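Curious how this folds, go ahead:
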Amino acid sequence: MEKVLGVDIGGTEIRFGIINTNGQILYEEKILARDPLYPYLEENVLRILAAQQEVRAIGVGTHGFVDPERGKVIYSPRILSGWSNTPVKEWLEKATGKHVEVENDANVVALAEVNFGAAQRLNRVVVLTLGTGLGGGVLWDGKLLSGGPHGGAAEFGHMTLYPNGVKCICGRLGCSGMYVSGTALQRRIKEAGLSITPPELFGNASMDPHAKKIVEEFTTDLALVISNLQAIFDMEMLIIGGGVSEAADLWMDSLQQKLETVLLNPLEVEVACFKNDAGILGAALLVLEE
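So this is what the prediction gives:
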């Protein structure tokens, strides 16, 4: 049975998984991202391939604006330097001798959920990944909406939510990702003078009014983002993935209440079935034969 390597590159860590054609994860590991990113990525891919020689191809999902046709990262507004303008496909194919495909990380999550997860048999699906930043993926009539002249299709984290708001790492003010992401939660916690982590925040919200206020602001902003996306895409389902989604059972009721007041039409909102494994599964699907 065919085996491929799926790589999920986030803002703070890199995940690797060996996947077969049934979508089974046969091997998995994660490492912290390091600066400069590409040499570190290549080093670890070669290490894994040396131990897993039956791997036929490599799929990579990465944060940032991606040109999937060339397999190149066009722009990456992250703290790790040197990732913008990186021809990942070209370099990794040369280093490994394997076929390589590269896509945006939220797009590969959409692939995983449509093929194996919550959105099977659906044609129009929007995915939001709430991690270090806010990522977006769109499946439109069964095809990924990706790429574009600047690689920026479906970069929902850079839609303006609050004009003249918090400065984003892209340099503009009030981007959605500065209010709806793990980084945004950390900022809100710090501004409130609390000494807790985002997972602790959600757990404390039922007892601590300061924590509850932050969660309410977070779900209000997330509901606005979802409402705006529904007005654009009128999707059948919206799926929420990324690290923040792992605590969704603690904030989903609050989100659903906010959605009732802002949605144009009823919308099914689901948490990604595979949570943080969705990235490596979706990346693998870039190169798995049907």
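
May I see the buried residues of stretch 13-23?
Within stretch 13-23, the residues that count as buried by 16 or more other CB atoms under 10 Å are 13-19, 23. For glycine as for every other residue, the C-beta is placed from the backbone atoms N, C-alpha and C.

Just give me the closest of those to Gly177.
If you rank the buried residues of stretch 13-23 by distance to Gly177 using CB to CB, Glu13 comes first, at 17.7 Å.

Surely that closest one touches Ile31?
Yes - under the criterion of CB atoms under 8 Å, Glu13 makes contact with Ile31 at 6.6 Å.

Just the C-alphas of the helix or strand hosting Leu259, formatted as CSV.
For Leu259, the host element (DSSP states H and E) is helix 248-262. The C-alpha trace of helix 248-262 is given here as CSV (Å, rounded to 0.1, in the frame of the first residue of the first chain):
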residue,chain,number,x,y,z
ALA,A,248,-14.0,24.0,21.5
ASP,A,249,-16.3,22.1,23.9
LEU,A,250,-15.7,24.9,26.4
TRP,A,251,-16.6,27.8,24.0
MET,A,252,-18.8,26.4,21.2
ASP,A,253,-22.0,27.1,23.1
SER,A,254,-21.0,30.8,23.4
LEU,A,255,-20.2,30.9,19.7
GLN,A,256,-23.5,29.3,18.7
GLN,A,257,-25.3,32.0,20.7
LYS,A,258,-23.5,34.7,19.0
LEU,A,259,-24.1,33.2,15.6
GLU,A,260,-27.8,33.2,16.1
THR,A,261,-27.8,37.0,16.0
VAL,A,262,-25.5,37.5,13.0
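
For it, name the packing helices and strands.
Other elements packing on helix 248-262 under the criterion 3 or more CB pairs under 8 Å, 6 or more residues apart in numbering; DSSP states H and E are helix 198-204, helix 209-233, strand 268-271.

Report how many residues lie close to Gly10.
Look at Gly10: counted by other CB atoms under 10 Å, it has 24 neighbours.

Next one: it from Val109, what distance?
11 Å (CB to CB, to the nearest Å).

Kindly report the same for Phe274.
Noted for Phe274: a distance of 8 Å to Val109, by CB to CB.

and for those two, which residues touch both?
Gly241 (CB atoms under 8 Å, 6 or more residues apart in numbering).

Next one: Gln230 relative to Glu268, how far apart?
Taking CB to CB, one finds Gln230 at 11 Å from Glu268.

Between the two, which has more neighbouring residues?
Taking neighbours as other CB under 10 Å, Gln230 and Glu268 compare with Gln230 leading, 19 against 13.

and of the buried residues of stretch 13-23, the nearest to Lys3?
Ile18 (5.6 Å).
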